[in-house]
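Q: Structure for the following, please:
(chains A, B, C, D, E and F)
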4 protein chains.
Amino acid sequence: MLANPVSKPRTKPPGERRDELMTAAERLFLEKGVEQTTIEEITTGAGVAKGTFYLHFSSKADVLQALRSRFVQAVLDGIVATVGRCRQEDWRGKLAAWSTACATGYLDAAGLHHLAFVAAPPATREGLSRNILIDHLSELIADGAGEGAWSADDPGFTAVFLFNALHGIVNQPGIAETPSARAGLLGAIEAHFLRALGLWSGID
Amino acid sequence: MLANPVSKPRTKPPGERRDELMTAAERLFLEKGVEQTTIEEITTGAGVAKGTFYLHFSSKADVLQALRSRFVQAVLDGIVATVGRCRQEDWRGKLAAWSTACATGYLDAAGLHHLAFVAAPPATREGLSRNILIDHLSELIADGAGEGAWSADDPGFTAVFLFNALHGIVNQPGIAETPSARAGLLGAIEAHFLRALGLWSGID
Amino acid sequence: MLANPVSKPRTKPPGERRDELMTAAERLFLEKGVEQTTIEEITTGAGVAKGTFYLHFSSKADVLQALRSRFVQAVLDGIVATVGRCRQEDWRGKLAAWSTACATGYLDAAGLHHLAFVAAPPATREGLSRNILIDHLSELIADGAGEGAWSADDPGFTAVFLFNALHGIVNQPGIAETPSARAGLLGAIEAHFLRALGLWSGID
Amino acid sequence: MLANPVSKPRTKPPGERRDELMTAAERLFLEKGVEQTTIEEITTGAGVAKGTFYLHFSSKADVLQALRSRFVQAVLDGIVATVGRCRQEDWRGKLAAWSTACATGYLDAAGLHHLAFVAAPPATREGLSRNILIDHLSELIADGAGEGAWSADDPGFTAVFLFNALHGIVNQPGIAETPSARAGLLGAIEAHFLRALGLWSGID
DNA sequence: TATGAATGAGATTTCATTCAT
DNA sequence: GATGAATGAAATCTCATTCAT
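A: Predicted structure coming up:
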């Protein structure tokens, strides 16, 4: 009612407000679960009014979807950067790098991937069978096969197979809590990735 | 007054009522999703009054848990029967049988496994990292390693890895809709299972 | 939360609860207007919980519609009783009785008719051009014409004409506040009704 | 930078903007009802921003009031012009002209009169019992009575009576859709007006 | 056991209105 | 004058759960 003499600017670039809402939502979803978080808590957390939420998202499921996309994109960015550092012809290295970068991205995000893919009410079954990470892995496998680095009858199948395998591994609560446990885990994942393509891993 | 001769008996053996409720819930969960299904719809579907639900289950999560157990137990029963038909020393065959039986169980259940493990509001993250199927596979891998059929540094790891891989594959909507597609899928899964244990598959 | 040791019976015959809600709604609508009344106020006024409202009505417009019907039916009952007291062949008397009984019904209901027909957000324009009162009047006019009591080219037209005329008159705020004002008003209405059918009234 | 050559002028004479807003509001009110129309829809319809609305009107009720006045004034103008064409002493003709001009004004406005008097959230009950049309008719009746053209005990009563009667008739949806139906309707209204003043109409 | 009317906390959503730019 | 992002009070409605019968 009364004018606030120290009021911060009311309007912000739209992207910024949206990000603030997403970040507040992410924190709350992780802290207390998606179901337990109300829209009101999200807006309070972002320091805006309730109605503002609906200027940027149409529902709670909508924010969740946005969080999912943001998370997956971040993981993909990490993968692309890591894989890009391998020599052009080092397909074995690229595959290993892919598995390690992907697993690292998930592990670093702590509960967020759980949120994004498991705890979230996934409207469709698509999330774990079609996403940009699987597409990227599928392409890598196909490219390597084309170059004779390995043989792959069905790169799409193997990509879904390996992505879900990796996802299941890193999704285990309390896994890789120490640096050495994490190193061991990454090594095991890498070995299984290589083996799936018929490459001999040095593990055993 | 005589009892209404057309009315069905109001009381039934508890197990039967419980089953009817579970079946109604399963159908509705698959049709419209867990969140979208109300207790009232379940009871209407089972032909009983709303209060009756609470004589058999404590909440919606409770029915879901019961459905999960029923489903997983059925898949495990199928696996045990199939694997049991292999010769005692045929570890390769047992592993192949495990993958095929598990995949078949999931595929036959249509969307139910999605419901049970993915769409469900999973109280814990355990579902895909600890369950009786993973335990069974883990044991099989450990036993085979003990007999020298393959080497496995960490049977638990490999079991989670393979179970999630398989789960991700069969969870793809519209997969294996024709008998030949299903046969191809089962073959590919088997090949990847064998490869993960360092066994040469005859597939490629 | 705690059991109320003096709690009144929670369940009542459905019609009774419905009536209580309607009566509470009517009082509030008259006191503070339809728009200004919330569902919660209605349920509080009826001594029930908010959700109970939705067991009996689907929306605020729904209660309003029910109030409308209840009111119109009550007015019609009064008309039928009054007109029924006239001798069979006394058409002039019947018409006069109709006008007086209808006006009385409206005047006695104070603001309710205003509510029901004017202040209400009338979804359709039907309320004042088709209702059971108009139908009844139309029939009376047609019957009288059939008996040669008066001539009426279009009984439906005259019924709508007179009903709206009467409605407009009694809807004037503050009209007929004293018994003598009311008597004068009823006389004037009756005279105009008779004149509309070409009958000479003794009024002027 | 040069001003964008395609952009239309942002500022307009205040009266023009106001008219555009009223016209947009009128269209929407008729299309979807007053309650269902939001301020935002009105401003979008008028091609201006939401805030601009409040430069011209203080609320939705305010536009509605403005529409009401505009409509009633237009009808009155039509009546005055038509009645003015009668000879000074032709009271019968003036009354007939009044009824016809008023009905014509309403019929030409289609649903707008409904909006203005019935569907509108009427702040007071005055609309149908006190307005400039009723005042004008009342004066005509009083003047005619003063000249001995008819007798009228209470011109105000008769004016309200007849205005509401006419309003109810023309407010019927679908009435007078063909020219001949309209002619018949106007004749019937005129006849009832004359009869109400004790004048013999040529109708029956 | 079974019923289903009643509960009531709480969720989502709308939208008239403001005001810094 | 004009804008439109932001506000936030308030409204509607849902539905898991209870409990008197």
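Q: May I ask which helix or strand of chain A has the lowest mean pLDDT?
A: Lowest on mean pLDDT, DSSP states H and E among the helices and strands of chain A sits helix A:112-113, with a mean of 69.
Q: Quick check: next helix or strand after that one?
A: Heading C-terminal from helix A:112-113, the first helix or strand you meet, by DSSP states H and E, is helix A:132-146.
Q: Could you quantify the relative orientation of the helix or strand following that next one and helix B:132-146 as an angle?
A: From helix A:132-146 onward toward the C-terminus, using DSSP H and E, the following helix or strand is helix A:155-170. Counting by axes from the mean of the first three to the mean of the last three C-alpha atoms, to 10 degrees, helix A:155-170 lies at 100 degrees to helix B:132-146.
Q: Tell me which other helices or strands helix A:155-170 touches.
A: helix A:91-108, helix A:132-146, helix A:179-196, helix B:155-170, helix B:179-196 (3 or more C-beta pairs under 8 Å, 6 or more residues apart in numbering or on different chains; DSSP states H and E). (Each C-beta comes from the backbone N, C-alpha and C, glycine too.)
Q: and among the ones you listed, the most buried is which?
A: helix B:155-170 (a mean of 24; mean count of other C-beta atoms under 10 Å in any protein chain shown).
Q: quick one: that helix to chain centroid distance?
A: With C-alpha atoms, centre = their mean, to the nearest Å as the basis, helix B:155-170 stands 14 Å off its chain's centre.
Q: tell me the secondary structure for whichever residue of chain A sits closest to chain D?
A: Closest to chain D within chain A is A:Leu55: 12.5 Å, counting by C-beta to the nearest C-beta. A:Leu55 falls in the helix class when you classify it by DSSP: H, G, I helix; E, B strand; the rest coil.
Q: is the lengthiest helix in chain A up against DNA strand E anywhere?
A: The single longest helix within chain A, with elements called by DSSP state H, is helix A:60-84. Yes - judged by C-beta under 7 Å from any atom of the strand, helix A:60-84 comes into contact with DNA strand E at A:Lys60.
Q: relative to helix A:91-108, how tilted is that helix?
A: Using the same axes, to 10 degrees: helix A:60-84 against helix A:91-108 is 140 degrees.
Q: Check which residues of helix A:60-84 are buried.
A: By neighbour count on 16 or more other C-beta atoms under 10 Å in any protein chain shown, the buried set for helix A:60-84 is A:60, A:63-68, A:70-72, A:75-76, A:78-79, A:82-83.
Q: Show me what it packs onto, helices and strands only.
A: Short answer (3+ C-beta pairs under 8 Å, 6+ apart): helix A:60-84 packs on helix A:14-32, helix A:91-108, helix A:112-113, helix A:132-146.
Q: could you redo these as a markdown table and give each row distance to C:Leu197?
A: Below are these laid out as a markdown table (distance: least, C-beta to C-beta, whole Å):
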| stretch | distance to C:Leu197 |
| --- | --- |
| helix A:14-32 | 69 |
| helix A:91-108 | 88 |
| helix A:112-113 | 82 |
| helix A:132-146 | 82 |
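Q: Least reliable of those helices by average pLDDT, please.
A: Mean pLDDT values for the helices and strands packed on helix A:60-84 show the minimum at helix A:112-113, a mean of 69.
Q: In contact with A:Leu185, which residues?
A: By C-beta atoms under 8 Å, 6 or more residues apart in numbering or on different chains, the contact set of A:Leu185 is A:Ala103, A:Leu107, A:Ile169, A:Val170, A:Ile175, A:Ala176.
Q: Ok, A:Leu199 next?
A: By C-beta under 8 Å, 6+ apart, the neighbours of A:Leu199 are A:Arg92, A:Leu95, A:Trp150.
Q: List just the nearest of the residues you listed to chain C.
A: A:Leu95 (58.1 Å).
Q: what's the spacing between the closest one and A:Thr82?
A: Taking C-beta to C-beta, to the nearest Å as the measure, A:Leu95 and A:Thr82 are separated by 12 Å.
Q: just A:Ser151 next, same as before
A: Per C-beta to C-beta, A:Ser151 is found 25 Å from A:Thr82.
Q: what do you get for A:Leu107?
A: 14 Å.
Q: Quick one, grab the pLDDT at the residue nearest the centre of chain A.
A: Centroid-nearest residue in chain A, with C-alpha atoms, centre = their mean: A:Val72, separated by 3.5 Å. The model reports A:Val72 with a pLDDT of 89.
Q: wait, it sits on A:Leu133?
A: Yes - taking contacts as C-beta atoms under 8 Å, A:Val72 lies within contact range of A:Leu133: 6.2 Å.
Q: Next, the residue in chain A that DNA strand E sits nearest to: secondary structure please.
A: Closest residue of chain A to DNA strand E, C-beta to the nearest atom of the strand: A:Gly51 (3.2 Å). At A:Gly51, secondary structure determined by three-state DSSP is helix.
Q: What number of residues are in the vicinity of it?
A: Per other C-beta atoms under 10 Å in any protein chain shown, the neighbour tally for A:Gly51 reads 8.
Q: do the same with the one 3 residues further on
A: One way to gauge burial is a neighbour count; for A:Tyr54, by other C-beta under 10 Å, it gives 12.
Q: Contacts only, for it.
A: By C-beta under 8 Å, 6+ apart, A:Tyr54 has no neighbours at all.
Q: separation between it and chain C?
A: 22 Å (C-beta to the nearest C-beta, to the nearest Å).
Q: per-residue pLDDT, that residue?
A: Note for A:Tyr54: predicted pLDDT of 92.
Q: Please report the distance of it from A:Ile42.
A: Counting by C-beta to C-beta - A:Tyr54 and A:Ile42 are separated by 11 Å.
Q: what's the domain layout of chain A?
A: A:9-57, A:64-196 (automatic domain parsing).
Q: quick one: the residue nearest to A:Leu112 when sequence neighbours are not counted and A:Asp77, what's the gap?
A: Nearest residue to A:Leu112 in three dimensions, chain neighbours excluded: A:Phe71, at 5.5 Å (C-beta to C-beta, 6 or more residues apart in numbering or on different chains). For A:Phe71, the distance to A:Asp77 equals 11 Å [C-beta to C-beta].
Q: A:Cys86 now?
A: With C-beta to C-beta as the criterion, A:Cys86 and A:Asp77 are 16 Å apart.
Q: do A:Leu199 as well
A: 26 Å.
Q: ok, now A:Thr178?
A: Here the criterion is C-beta to C-beta. By it, A:Thr178 lies 26 Å from A:Asp77.
Q: Then A:Leu137?
A: Distance of A:Leu137 to A:Asp77, given as C-beta to C-beta: 15 Å.
Q: Next one: the residue in chain A positioned nearest to DNA strand F relative to C:Leu186, how far apart?
A: For chain A, the residue closest to DNA strand F is A:Gly51, as judged by C-beta to the nearest atom of the strand, at 1.6 Å. Computed with C-beta to C-beta, the distance linking A:Gly51 and C:Leu186 is 54 Å.
Q: Ok, A:Glu190 next?
A: Counting by C-beta to C-beta, the gap from A:Glu190 to C:Leu186 is 98 Å.
Q: what about A:Thr43, neighbour count?
A: So A:Thr43, with other C-beta under 10 Å, has 20 neighbours.
Q: if I read this right, it contacts A:Ala25, doesn't it?
A: No - contact between A:Thr43 and A:Ala25 fails when scored by C-beta under 8 Å: they sit 9.5 Å apart.
Q: Quick check: neighbours shared by those two?
A: Common contact partners of A:Thr43 and A:Ala25 (C-beta under 8 Å, 6+ apart): none.
Q: Now for A:Ala81: which residues touch it?
A: A:Ala81 sits in contact with A:Ala101, where contact means C-beta under 8 Å, 6+ apart.
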